[in-house]
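S.K.: 3D model of this:
(chains A and B)
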Amino acid sequence: MDLMSRTSGQQLRPGERVKRLLGSRRTFVVLLVLVVLAVWLLALAQGVPGQRVLSLMVRGVMLGGILALGAIGLSLIFGVLRIPNFAHGDMMTSGAYLALLVLSLLPLGAPLGPFSFGYEFLVALVIAMPLVGLLGYGLDRLVFRRLRAQKSPSVIMAMAALGSAFLVRSLIYVFWGADFVFYYTGRPRPAFEIFAGIRVRPDQLFILGLAFAMIVLVYLLLERTKMGKAMRATADNPELARVTGIDTESVIRWTWLIGGALAGAGGVMYGLDAQLRPEMGWWLLLPLFAAVILGTIGNAYGALVGALVIGVVWQVSSAFLNPAYGPGVAFMVLILVLLFRPQGIFGRPGGP
Amino acid sequence: MALLTIDGLTTGYGEMEVLREVSLQVDEGSIVSIIGPNGAGKSTAMKAAFGLLKPWQGSIRLGEREIGGLSADKIVRLGMCYVPQTDNVFPSLTVEENLEMGAFVLTGPTKARKERVFELFPRLAERRRQRAGKMSGGERQMVAMGRALMLDPQLLLLDEPSAGLAPLLVDMIFEKIRDVNASGVSVLMVEQNAKKSLELADHAYVLVNGANRMDGTGSELLADPEVGRLFLGG
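M.R.: Numbering: from 1, shown residues only, chains lettered A, B, ... in the order given. Below you'll find the predicted structure:
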């Protein structure tokens, strides 16, 4: 609004006018919808059956839910601490492997209903989440807090995060090796038709439901609790949070714990959907950052929107592209965002 | 009785000295204004008082207690709250949430305190669920002051409360500062609008080049020919 009123009187070059039009929020949302539609049409044009595209759509929303669990934490950590946490993907991986560790210590139970996992998997998930939260907080104590005390520039923070990512992944290689593993081997994982020929596996519906339940919990935390509000306030303006008397160190602690726990949950679900590999989270980093930037970096709800868009585009495009290109598709969306609206859906021009 | 006493304060950023042996005092219940040309160190003096800069020399006392270099969350607990000049609201939080953040150091309900702020700023009560980022400059200033009042401070520090506001809103904000003061809160403010702030102030200090130039009651300084020449355009 401000920008419009300030510049409406000026003559703009046509190129600038087009750029401004494309950068407005409404046009940008239309552009995103068009991208999703284009992927759909491309799939249908190549003779992929509509039912399969719809199934991929459901899978995309599920993958979006997993991505959102990582992206929300990534966005919060950036907002509160101004750290681009390149270790976030590997924190997800560590969640998956920590759950595997717990699983190996528990007796194997019978599968629950139509799912491929038993109760012990749920226990593993519940234990792995806070452990990854502690891992994040541990990294903060070990690495980032010192840098913060020295008022290090964000480039140094980014390098430290990258180093932490290598550290975490290397530890996973050391303890679990480089091969891929499954939570459960030898169990059939059939897909069922839910309606109109859309086929999904029960596990995937479980992942979808759990991801969104956690997102609702995060929403309640951010909107209803004092610490959640303080996290949003600190993400808005860390300096003001400090002079207001907000205990920013405890906000930072909770941000790592919550962001880490969500990342851990995302990693476990990602591992349940496919398999566990030491690089699984590393390869999610690009889609995660694409989702976070698309939804305006620092904005937790934007991260959710971004993750859903990226998840759907990634999955539906796999109907006609090698699925290994998924992160590449996310990269294309990222480029569109950076070209037309670098501040993301919820951002103001010129700032996050 | 002196509430805030700054005595011979020298400080600056990094190696650069900004203030040299600045002294000032805020008495209980009074409005004190710091005026001076751009770059005189007015805002720096206020930031130092709030613990955002460590004093190199000199002392800062709130009542009897030395507070130089204390962290902000400790200082707000002691009853001194600060409203920065720009970016002084949390834009993605609602008005009500902004106020709640002002009372972060307190445990327990904040409803009564919010109601008191709403009494002082009825406009905010109407818009309590509005995101602060979507509000006008004058409304934001009210949100920022309201947030600082949530702790029921003895002393409120205002850094250029009228900066960037339309003339009508400037009058309104100064009116609000008078109301806040009447409710028992002492005020220390830095202002560009020298005339208006001198009219309001019980006592005022003129800073030039990071040092005390003169001080007196608001009306004394308004009548002073040098102040008139320097700041009042006459």
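
S.K.: so what's the residue in the stretch 101-250 of chain A that chain B sits nearest to closest to, chain neighbours aside?
M.R.: Using Cβ to the nearest Cβ, the single residue of the stretch 101-250 of chain A nearest to chain B is A:G245, 3.7 Å away. Heads up, the C-betas are built off the backbone N, CA and C, glycines and all. Distances taken as Cβ to Cβ, 6 or more residues apart in numbering or on different chains place B:V76 nearest to A:G245, at 3.7 Å, with adjacent residues excluded.

S.K.: Can you report how many residues neighbour the residue of the stretch 101-250 of chain A closest to chain B?
M.R.: Neighbours of A:G245 under the rule other Cβ atoms under 10 Å in any protein chain shown: 25.

S.K.: right, and it touches B:P153 too?
M.R.: No. Using Cβ atoms under 8 Å, A:G245 makes no contact with B:P153, being 10.4 Å away.

S.K.: overlap in contacts of those two?
M.R.: B:V76, B:C81 (Cβ atoms under 8 Å, 6 or more residues apart in numbering or on different chains).

S.K.: Is B:L4 in a helix, a strand, or coil?
M.R.: strand (DSSP: H, G, I helix; E, B strand; the rest coil).

S.K.: can you check A:P188 too?
M.R.: Taking three-state DSSP, the label given to A:P188 is coil.

S.K.: Grab the nearest non-local neighbour of it.
M.R.: A:S116 (7.8 Å).

S.K.: residues contacting that neighbour?
M.R.: A:Y183, A:Y184, A:R187, A:P188, A:R189, A:R201, A:P202, A:D203, A:L272.

S.K.: which other residues reach stretch B:38-56?
M.R.: With contacts defined as Cβ under 8 Å, 6+ apart, stretch B:38-56 is touched by A:243, B:4, B:6, B:9-13, B:17-19, B:22, B:24, B:34-36, B:60, B:67-72, B:74-75, B:80, B:82, B:85, B:157, B:159-160, B:188, B:190, B:207-210.

S.K.: Please pick the buried ones from those.
M.R.: For the contacts of stretch B:38-56, a burial check counting by 16 or more other Cβ atoms under 10 Å in any protein chain shown picks out A:243, B:4, B:6, B:9-12, B:18-19, B:22, B:24, B:34-36, B:60, B:67-68, B:70, B:72, B:75, B:80, B:82, B:85, B:157, B:159-160, B:188, B:190, B:207, B:210.

S.K.: Let's verify B:E220: helix, strand, or coil?
M.R.: Applying three-state DSSP: B:E220 is helix.

S.K.: again, but for B:V18
M.R.: Going by three-state DSSP: B:V18 is strand.

S.K.: Taking the centroid of chain B, which residue is nearest it?
M.R.: In chain B, the residue lying closest to the centroid (Cα atoms, centre = their mean) is B:L158, at 1.7 Å.

S.K.: I'd guessed it sits against B:M80; true?
M.R.: No. Judged on Cβ under 8 Å, B:L158 makes no contact with B:M80 at a distance of 11.9 Å.

S.K.: and the residue nearest to the centre of chain B, how far is that from A:T255?
M.R.: 31 Å (Cβ to Cβ, to the nearest Å).

S.K.: Give the buried residues for the helix or strand harbouring A:R253.
M.R.: Assigned by DSSP states H and E, A:R253 falls within helix A:248-273. Across helix A:248-273, burial judged by 16+ other Cβ under 10 Å covers A:248, A:251-273.

S.K.: same for chain B: which of those residues are within range?
M.R.: Among the buried residues of helix A:248-273, not one lies near chain B by Cβ under 8 Å from any Cβ of the partner chain.

S.K.: and the one helix or strand A:L69 maps to, does that touch chain B?
M.R.: Taking DSSP H and E as the definition, one finds A:L69 inside helix A:50-81. No. No part of helix A:50-81 sits near chain B under the criterion Cβ under 8 Å from any Cβ; the closest distance found is 9.6 Å.

S.K.: Please narrow the buried ones among the contacts of stretch B:38-56 to those residing in strands.
M.R.: Counted as lying in strands by DSSP state E, out of the buried ones among the contacts of stretch B:38-56, are B:4, B:6, B:9-12, B:18-19, B:22, B:24, B:34-35, B:60, B:80, B:82, B:157, B:159, B:188, B:190, B:207.

S.K.: So for stretch A:285-305, mean pLDDT?
M.R.: When pLDDT is averaged along stretch A:285-305, the result is 89.

S.K.: next helix or strand past the helix holding A:R253?
M.R.: For helix A:248-273, the succeeding helix or strand toward the C-terminus, using DSSP H and E, is helix A:285-294.

S.K.: Mind giving me the packing neighbours of that next one?
M.R.: With contacts defined as 3 or more Cβ pairs under 8 Å, 6 or more residues apart in numbering or on different chains; DSSP states H and E, the packing partners of helix A:285-294 are helix A:50-81, helix A:88-105, helix A:300-317, helix A:326-340.

S.K.: Show the pLDDT at A:D2.
M.R.: Confidence score, pLDDT, at A:D2: 43.

S.K.: Model confidence score at the residue in chain B positioned nearest to chain A, please.
M.R.: The nearest approach of chain B to chain A comes at B:V76, 3.7 Å away (Cβ to the nearest Cβ). Looking at B:V76, its pLDDT stands at 93.

S.K.: what residues are up against it?
M.R.: By Cβ under 8 Å, 6+ apart, the contact list for B:V76 reads A:T244, A:G245, B:Y82, B:V105, B:L151, B:P153.

S.K.: Could you measure from the residue of the stretch 251-352 of chain A found nearest chain B over to A:D90?
M.R.: Here the stretch 251-352 of chain A gets closest to chain B at one residue, A:N299, 7.4 Å apart by Cβ to the nearest Cβ. The span separating A:N299 from A:D90 equals 23 Å under the rule Cβ to Cβ.

S.K.: Those two: which has the busier surroundings?
M.R.: Per other Cβ under 10 Å, whichever of A:N299 and A:D90 has more neighbours is A:D90, with 29 against 26.

S.K.: Which residue, neighbours along the chain excluded, lies closest to the more buried one?
M.R.: Closest to A:D90 by Cβ to Cβ, 6+ apart is A:V168, at 4.1 Å.

S.K.: can you confirm that neighbour is in a helix?
M.R.: Yes. Counting by three-state DSSP, A:V168 is located in a helix.

S.K.: Pull the contacting residues for the residue of the stretch 251-352 of chain A closest to chain B.
M.R.: A:S75, A:G79, A:A235, A:G344, A:F346, A:G347, B:S92.

S.K.: Give me the neighbour count for the residue lying closest to the last one once chain neighbours are set aside.
M.R.: The one in question is B:S92. Spatial nearest neighbour of B:S92, chain neighbours left out: A:D236 (5.3 Å); criterion: Cβ to Cβ, 6+ apart. Using other Cβ under 10 Å, A:D236 is surrounded by 24 other residues.

S.K.: Perfect, that will be all.
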